[in-house]
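**Student:** Next come a sequence and a model predicted from it.
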Amino acid sequence: MHAPNSTGVNFGRRHCLQRVSTFAGGAALASLLRDDATAAATSPVTGDSTVAGLHFPARAKRMVYLFQSGAPSQLDLFEHKPGLAALQGTDLPDSIRQGQRLTGMTSSQERFPVAATKFKFAQHGRSGAWVSELLPHTAGIVDDVCFIKTLHTEAINHDPAVTFLQTGAQLAGRPSLGAWLAYGLGSLNDNLPAYVAMVSGTGDQPLYDRLWGSGFLPSRYQGVKLRSSGDPVPFLSNPAGIDPMARRQMLDGLAELNGLRLEETGDPEIATRVVQYEMAFRMQSSVPELVDISQEPQSTFDLYGEQARKPGTFAYQCLLARRMIERGVRFVQLFHRGWDQHRHLPKLIVEQAQVTDQASAALVIDLKQRGLLDDTLVVWGGEFGRTVYCQGALTPDDYGRDHHPRCFTAWLAGGGIKPGISHGVTDDFGYNIVENPVHVHDLHATLLHLLGIDHERLTFKFQGRDFRLTDVHGELVQPILA
C-alpha cells in the first residue's frame, strides 16, 4: 500500500505503471517497480522463494554501521595491555614485529619505541570488559556489546583499507556492503531509500561517493547521501514555480518516454531511473519529516547530548539513524572522520572520543528502549588499527601511532549478537593475534548471516563471472552469535 501525498492524491508507482502499461516496455518497468515486499520474496541468488526471501531465518532486519574513518587506536580505547608501561620507550622486539611492512611514514625511523597508553583502563559491567577512560558512555553498554579484538585486514593505507572494509576489495569498483544488502533484501519502506549514508567529522583522508556506491549492481541499489546543509538530498525541492501536481505530470510523461526507450534498448538502467524518479518524488515529503527533530523530547538530547541538535554532527546523525530505523530504512551508514592520529594522539583522541562516545552508546540504548535492538544490528569500528610503537618523537606527554592492519577492535550489538563478550586475543604488545583471528571477509560473512543471507549465495554475474561481497573467502564467526 502507498499512502497519499500531502495533496491528497495517490501518486504511487501504480499510477505511473498505468501510464506506461500500453507500451511493451511497461512490462519491464513493472518488473522493477513492483512492491519491494514482493521483490524481496524471491532470492536474487537462486530465484527460489525462501523464508521471507532469505536463505535462512534472519536475526536482524536492518543495520547501522558507525564507521570510524581514519582508524581508532585500539591500544588507547579497548586493548588493556598493562605490561607496556614497564616497556615504555624500549624498542619493539624484532620477534614481535616479524618484518611487518611499514608505511612510508615510519619506514625511515631508526627505532620503534613502545608507547604505552596515557589513559587509564577499568573493567565494567557484569562482563568485566576493559574500556579506556576515554569512553565512559561506551563503558556503560558493555553488557550489550560484543567486542571483536582480532579483526585484521590486508591493506596498510587508508583508501584501500576503507574500500576493502566497505566493498570486500581493495580496488574501487565493487558494490558496497549496503548496496549488496539493498540488492539481496530489498526495502522495508516505500518512501525512503533502502540505504542511506551520512558523513561527519574532519580529517585529511577523503571519503568518496563510491564507498556507498552500487559498483556493477544496478544503480538503484546505491546509497543515498544525506547532506547536513541545504536540501538533505540535492535537488529534492521543486524549482520555483513548480508545484507537486506539475512535478507529478512531468514524471508521468518522462515514464512514458522511458518506456519507449526501454522497449527499444532493453537497458535495465532506464527502468532503474524511473524507480529513482519515483523515490525522489516520495522523498520530497518523507525526508523533511525525517530530519525535523523539533518534536523530539528533551530526554532524547539528554541521552544523545546537546550536539544532537546541530545538523552535521555525529550525534545528530546517530539520532537520525534511529529515526531512519523506525521508518524502515534497511541500512544506515555513518562515516565519521578524524581518527588518523599519527601525531599528538593524546590530545586528538580525547577530542574524537568526546564527539563520538556518548552518541554511539545512546544509539544502542535508544534502540533497546524502543524494542528495536533485537532485530537491528549495530557495528562500530574503523578500517585498521594503530601500532604499539610510536611514530615520530616519543616524549613523556606525547606520541603518535602508525597504521596497523594486523589486529584491531570493533564492537557489535543487537540482532543475533551474543552480548557481553570479547572475542579474540592479541599478544602482550597488542601487535599480533594469538587466538581467534577474524578477517574482514569473515566479518562480512557474519553480518550477512545475521541478516539471513548466505554470503556464498548472494552473487551477481558481471563480466562473465559471479561476484560476491566476500569474493572466494569468508568464514562465519560462530562464537559471537547468540
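**Tutor:** Right, received. Where do you want to start?

**Student:** Domain ranges for this protein, per the record?
**Tutor:** 10-39+239-303, 61-229+311-462 (automatic domain parsing).

**Student:** Deepest in the core, which of those is it.
**Tutor:** Per-residue neighbour counts averaged over each of the domains of the chain give the maximum for domain 61-229+311-462, namely a mean of 20 (mean count of other Cβ atoms under 10 Å). Placement of C-beta: from N, CA and C, glycine included.

**Student:** hmm, back to that, what about the domains of the chain, which gets the closest to residue 480?
**Tutor:** Within these, the stretch nearest residue 480 is domain 61-229+311-462; the backing value is 5.0 Å (Cβ to Cβ).

**Student:** Now the terminal residues of that closest one, how far apart.
**Tutor:** The distance separating the two terminal residues of domain 61-229+311-462, taken as Cα to Cα, to the nearest Å, comes to 27 Å.

**Student:** just for the chain, where's the confidence low?
**Tutor:** Per-residue confidence of the chain (counting by pLDDT under 70) places the weak regions at 1-53, 229-230, 233-238, 241, 246-249, 251-252, 272, 275-283, 285.

**Student:** before we move on, the earlier item: take the domains of the chain and write them to TSV, including distance to residue 476.
**Tutor:** TSV is the format used below for those (distance: least, Cβ to Cβ, whole Å):
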stretch	distance to residue 476
domain 10-39+239-303	26
domain 61-229+311-462	6
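
**Student:** Of all these, which one is nearest residue 477?
**Tutor:** The nearest among those, by Cβ to Cβ, is domain 61-229+311-462 at 4.6 Å.

**Student:** in the stretch 301-450 of the chain, which spans are strands?
**Tutor:** Taking DSSP state E, counting those that start in this stretch, the strands of the stretch 301-450 of the chain run over residues 331-337, 376-381, 385-390, 401-404, 408-414, 421-423, 425-426, 433-435, 438-439.

**Student:** Any idea which of those strands gets closest to residue 270?
**Tutor:** Of all the strands of the stretch 301-450 of the chain, strand 331-337 comes closest under Cβ to Cβ, at 25.3 Å.

**Student:** ok so, going back, for the domains of the chain, which one sits closest to residue 473?
**Tutor:** With distances scored as Cβ to Cβ, the stretch of the domains of the chain nearest to residue 473 is domain 61-229+311-462 (4.0 Å).

**Student:** distance between that closest one and the chain's centre?
**Tutor:** Relative to the mean C-alpha coordinate of its chain, domain 61-229+311-462 is positioned 9 Å out (Cα atoms, centre = their mean, to the nearest Å).

**Student:** and the nearest residue to residue 155 once chain neighbours are set aside, what is it in contact with?
**Tutor:** Take residue 155 and drop its neighbours on the chain: the residue closest to it by Cβ to Cβ, 6 or more residues apart in numbering is residue 161, 3.7 Å away. Neighbour list for residue 161: 71, 153, 155, 170, 383, 384, 403, 405 [criterion: Cβ atoms under 8 Å, 6 or more residues apart in numbering].

**Student:** Validate this expectation: residue 161 resides in a helix.
**Tutor:** Yes - with DSSP: H, G, I helix; E, B strand; the rest coil as the criterion, residue 161 is part of a helix.

**Student:** ok, the closest residue to residue 140 other than its chain neighbours to residue 370 distance?
**Tutor:** For residue 140, the nearest residue in space outside its immediate sequence neighbours is residue 361; the separation is 6.1 Å by Cβ to Cβ, 6+ apart. According to Cβ to Cβ, to the nearest Å, residue 361 and residue 370 sit 15 Å apart.

**Student:** Also residue 434?
**Tutor:** Taken as Cβ to Cβ, the spacing of residue 434 relative to residue 370 amounts to 39 Å.

**Student:** cool, residue 351 as well?
**Tutor:** Distance check for residue 351 against residue 370: by Cβ to Cβ, it reads 30 Å.

**Student:** got it, and residue 86?
**Tutor:** Residue 86 sits 47 Å away from residue 370, going by Cβ to Cβ.
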